[in-house]
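J.: Provide a 3D model corresponding to the input given below.
(one chain, ligands or ions: 1)
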Amino acid sequence: MFFMFGFTQARYCAREKGTMKRFLMRTVVLLAAALLLLAGVMLYRTMTFTSMQIQVAERPLPEVNMERAVDTLSAALRFPTIADLDISKMDASVFLAMHAMLAERFPLVHERLHKEVINGLSLLYHWKGADPGQKAILLLAHQDVVPAPDAESWEQAPFSGVVSTGCVWGRGAMDDKGSLISILNAVETLLEKGFQPRRDIYLCFGHDEEVGGLNGAARIAATLAERGVQAVFTLDEGLAVVDGDLFGLNRPVALVALTEKGYLSLELKAESAPGHSSTPPKETAIGSLAAAVTRVVNAPMSPRLTEPVRLMFRYLGPEMAFPMRVVLANLWLTRPLLLRQLSGAPTTDATIRTTTAATIIRGGETENVLPAEARAVVNFRLLPGDTIAGVTKRTRNLIASPRIALAVQGQANESPSPSRADGPGFAALQQTIGHVFPEALVAPSLMIGGSDTHHYAAVAENTYGFQPLHFCPGDLERIHGRNERLGVESFKRMIIFYMTLLERAGS
Ligand SMILES: [Zn+2]
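T.: This next block holds a predicted model:
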């Protein structure tokens, strides 16, 4: 009986072993087939991940009177049109003197375009198109600059407009008088050539972009909205032509911002009874505030790929080396990997999440006195899709303390919904960039800073942020930093860019 049992068990075991072996074999085969299928899908997606770059027929670039252009930019840089949050501290006379200079140097612009001064210092020019049924194009730039407090450490004085070493030097050369003077030069030159646009063209030059644009760009946009002006697109400063090394590419990349991030500062305030530090209560204003700030900054918002950033990889991915192409062509699988990679450095991390930065903390004056109040400010830069209300509510929930009062501080703005990369506006930009910067790849993107652009969201279908300027290594630090300057050759390309764009998109 035992023998029988043992025999049966042995046979049973043998059968079970055989079944197990078959099961394992089948699993291995299935796994191999699944892996093969996965590899096949990934390879197929990589192979069909085709280039988004366009071929632009070579055409000779138009002639530009660079002597006049350089002379005018140099003159513009000599006006210290410094912006200040306190509007009464801004020197209106230097703005008005610059306006007079512009009127003198661009006679055709001032004869043929309708010029208006908005809110005292902003400029709005209207070039009437031949076909009033067409939507307008708005070209934006700002007249104001940030101060140059460390003037003595500049190679050339910041408001000298000196032309030296192939550059025009001065605060505002790149940000943003270079654009303003390029636009006016482009229009003046087109007028000299007898060009007549089909669409209405508006030139919008605000005077307080560096402090939020509420008195300049916002007022220009409101004026246009009142008149029922609708634009097919606006073009403002924003991104530019940058070094392709940043993306592992050996060609420069022209990045066009489809939108900019939103802006929100929240003030956290804690109060408690003032008293002597020798008998502190369990909770003090500083203790409560510090705990609240820690909770907020230790809980960063989740990363995600917004449409402008996804499109950036869609446009640049096919130009990258094979391994990166596989990753970017298969975001359905590789998205977490890409997000982890991007979160590794602050500049790329800012493209994939609403950032949280504690920027101000104040409380207490005397070392042995408990203050009655402590305040902190946390600044958020909102990804498209994250809202002021949503981030405020989340912050309130994170703090979860009735002792902390939360309020929006200063001016906040939402991130406008991203502009289209598949419409005529983007196509015109892509073609113009291809013509003027044939060495560069073109890609949509997201601007992580802010500009005047968001003020125009109500009057334009699309708002693009692209300055037609090729940034060389070290150039970025010059903006708002020391030794700001614009290379004469770069300046020439900027003028040609605006001429070509107006000829292409305006006609
Ligand atoms: Zn600027």
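J.: okay, CA-based contacts and neighbour counts for the rest of this
T.: OK.
J.: For the residue lying closest to residue 183 once chain neighbours are set aside, give me the pLDDT.
T.: The spatially closest residue to residue 183, leaving aside those adjacent along the chain, is residue 498, at 6.1 Å (CA to CA, 6 or more residues apart in numbering). pLDDT recorded at residue 498 is 98.
J.: for residue 498, what are its contacts?
T.: 182-183, 186 (CA atoms under 8 Å, 6 or more residues apart in numbering).
J.: Now tabulate these in a markdown table and tack on neighbour count.
T.: Formatted as a markdown table, the contacts of residue 498 follow (neighbours: other CA atoms under 10 Å):
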| residue | neighbour count |
| --- | --- |
| 182 | 27 |
| 183 | 23 |
| 186 | 24 |
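J.: from these, which is closest to residue 221?
T.: Nearest to residue 221 among the contacts of residue 498, counting by CA to CA, is residue 183 at 18.6 Å.
J.: Quick check: the closest one is in a helix.
T.: Yes: secondary structure of residue 183 (DSSP: H, G, I helix; E, B strand; the rest coil): part of a helix.
J.: does it really touch residue 495, like I thought?
T.: Yes: using CA atoms under 8 Å, residue 183 makes contact with residue 495 at a distance of 6.5 Å.
J.: can you put the contacts of residue 498 in a markdown table and add distance to residue 117 and pLDDT?
T.: Shown next, in a markdown table, are the contacts of residue 498 (distance: CA to CA, whole Å; pLDDT from 0 to 100):
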| residue | distance to residue 117 | pLDDT |
| --- | --- | --- |
| 182 | 20 | 98 |
| 183 | 17 | 98 |
| 186 | 21 | 98 |
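J.: closest to residue 407 among these?
T.: Using CA to CA, these come closest to residue 407 at residue 183, 40.6 Å.
J.: can you tell me which residues contact the closest one?
T.: 139, 495, 498-499.
J.: Please report the distance of it from residue 79.
T.: Using CA to CA, to the nearest Å, we find residue 183 at a distance of 18 Å from residue 79.
J.: How about residue 275?
T.: For residue 275, the distance to residue 79 equals 53 Å [CA to CA].
J.: The two - which one has more neighbours?
T.: Taking neighbours as other CA atoms under 10 Å, residue 275 and residue 79 compare with residue 79 leading, 23 against 15.
J.: so where does that one fall, helix or strand?
T.: Using DSSP states H and E, residue 79 is not contained in any helix or strand.
J.: OK, contacts around it?
T.: Residue 79 touches 94-95, 97-98, 159, counting by CA under 8 Å, 6+ apart.
J.: Check residue 405 too.
T.: With CA under 8 Å, 6+ apart, residue 405 has these contacts: 267-270.
J.: Please apply the same query to residue 399.
T.: Residue 399 makes contact with 292-293, 295-296, according to CA under 8 Å, 6+ apart.
J.: Can you tell me which of the residues you listed has the most neighbours?
T.: Among the contacts of residue 399, the one with the most neighbours (other CA under 10 Å) is residue 292, at 24 neighbours.
J.: Which of the three states applies to that one?
T.: State at residue 292, reduced to three classes by three-state DSSP: helix.
J.: Check it and give its pLDDT.
T.: Model confidence at residue 292 (pLDDT) stands at 97.
J.: ok so residue 268 is a strand residue?
T.: Yes: counting by three-state DSSP, residue 268 is part of a strand.
J.: these two touch, right, it and residue 409?
T.: No: using CA under 8 Å, residue 268 is not in contact with residue 409, being 9.5 Å away.
J.: Grab the nearest non-local neighbour of the residue nearest the centre of the chain.
T.: The chain has residue 447 as the residue nearest its centroid, 1.1 Å off, counting by CA atoms, centre = their mean. Excluding the flanking residues, the one nearest residue 447 by CA to CA, 6+ apart is residue 260, at 4.5 Å.
J.: Residue 403 too?
T.: Closest to residue 403 by CA to CA, 6+ apart is residue 270, at 6.0 Å.
J.: Neighbours of the nearest residue to residue 372 once chain neighbours are set aside, how many?
T.: Spatially, and ignoring its direct neighbours in sequence, residue 372 is nearest to residue 274 (4.5 Å; CA to CA, 6+ apart). Number of residues near residue 274 (other CA under 10 Å) recorded here: 14.
J.: Offset the numbering so it begins at 36, please.
T.: All set: I'll call the first residue 36, so the last point we hit is now residue 309.
J.: per-residue confidence for residue 309?
T.: Residue 309 is given a pLDDT of 87.
J.: For it, give me its contacts.
T.: Applying CA under 8 Å, 6+ apart to residue 309 gives the contacts 404-407.
J.: Could I have the buried ones of those as ChimeraX selection syntax?
T.: Buried residues within these, by 16 or more other CA atoms under 10 Å, are selected in ChimeraX with:
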select :405,406,407
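J.: So which of the contacts of residue 309 are in strands?
T.: Secondary structure defined by DSSP state E assigns 404-405 of the contacts of residue 309 to strands.
J.: Identify the farthest-apart pair in the contacts of residue 309.
T.: Pairwise distances across the contacts of residue 309 (CA to CA) peak at 9.3 Å, for the pair 404 and 407.
J.: looking at it, residue 167 is touching residue 264, isn't it?
T.: No: Residue 167 is beyond contact range of residue 264, at 10.7 Å (criterion: CA under 8 Å).
J.: Neighbour count for the two, which is higher?
T.: Set residue 167 next to residue 264 and count neighbours by other CA under 10 Å: residue 264 wins out with 18 against 11.
J.: wait, the more buried one sits on residue 173?
T.: No: contact criterion CA under 8 Å: residue 264 and residue 173 do not qualify, at 10.1 Å.
J.: all strands of the stretch 336-485 of the chain, in order?
T.: 390-398, 404-405, 408-417, 439-448, 476-482 (DSSP state E, counting those that start in this stretch).
J.: any chance of those in JSON lines, plus mean pLDDT?
T.: Formatted as JSON lines, these follow (pLDDT from 0 to 100):
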{"stretch": "strand 390-398", "mean pLDDT": "97"}
{"stretch": "strand 404-405", "mean pLDDT": "95"}
{"stretch": "strand 408-417", "mean pLDDT": "98"}
{"stretch": "strand 439-448", "mean pLDDT": "95"}
{"stretch": "strand 476-482", "mean pLDDT": "97"}
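J.: With respect to residue 241, which of those lies nearest?
T.: Checking the strands of the stretch 336-485 of the chain against residue 241 by CA to CA gives strand 439-448 as the closest, at 17.3 Å.
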